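K.L.:
the following comprises the amino acid sequence and a computationally predicted model.
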Amino acid sequence: MTKTPQEILQKLNQAEQLGVDMASPKAVVNHMLAQGEKSSILYFYKPNSVEFDFDKFNAAVAEMRQMKK
């Protein structure tokens, strides 16, 4: 069972396949914004805050890569 919603994992996988630098949350967010994925980006923000949750982002990227194996 995954912790991250499947649609978020799919968006991350698509970004990686297109060559987006997955080590850079800014690059991933910019890519998602260009795709019109505002709600997907909000998943990575801390609840009731404007602070980006880098741990959540890194965990989701690691989970996405683990599922590809």
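P.N.:
Sure thing, it's come through.
K.L.:
name the helices or strands packed onto the longest helix along the chain?
P.N.:
Longest helix in the chain by number of residues (criterion: DSSP state H): helix 54-68. Helix 54-68 makes packing contacts with helix 6-17, helix 25-34 when contacts are defined by 3 or more CB pairs under 8 Å, 6 or more residues apart in numbering; DSSP states H and E. The C-beta positions use only the backbone N, C-alpha and C, and glycine is treated the same way.
K.L.:
my guess is Glu51 contacts Phe44, does it?
P.N.:
No - if you go by CB atoms under 8 Å, Glu51 and Phe44 don't touch, sitting 10.1 Å apart.
K.L.:
neighbour-wise, which of those two wins?
P.N.:
In this view Glu51 and Phe44 are compared by other CB atoms under 10 Å, and Phe44 has more residues nearby, 20 against 9.
K.L.:
pLDDT score for that one?
P.N.:
On the pLDDT scale, Phe44 is placed at 96.
K.L.:
got the contact list for it?
P.N.:
Taking CB atoms under 8 Å, 6 or more residues apart in numbering as the criterion, Phe44 is in contact with 25, 29, 52-53, 56-57, 60.
K.L.:
mind checking how far it is from Asn58?
P.N.:
10 Å (CB to CB, to the nearest Å).
K.L.:
what's the answer for Pro47, then?
P.N.:
Using CB to CB, Pro47 is found at 18 Å from Asn58.
K.L.:
so which of these two has more stuff around it?
P.N.:
Asn58 (14 against 6).
K.L.:
pLDDT wise, what is the closest residue to Ala15 other than its chain neighbours at?
P.N.:
In space, and not counting its chain neighbours, Ala15 is closest to His31: 4.9 Å by CB to CB, 6 or more residues apart in numbering. What the model reports as pLDDT for His31 is 97.
K.L.:
wouldn't His31 be in contact with Gly19 here?
P.N.:
No - using CB under 8 Å as the test, His31 is too far from Gly19 to be in contact (9.5 Å).
K.L.:
give me the more crowded residue out of those two.
P.N.:
Using other CB under 10 Å, the more surrounded residue of His31 and Gly19 is His31, with 22 against 9.
K.L.:
what sits against the more buried one?
P.N.:
When contacts are counted by CB under 8 Å, 6+ apart, His31 touches 15, 18, 20.
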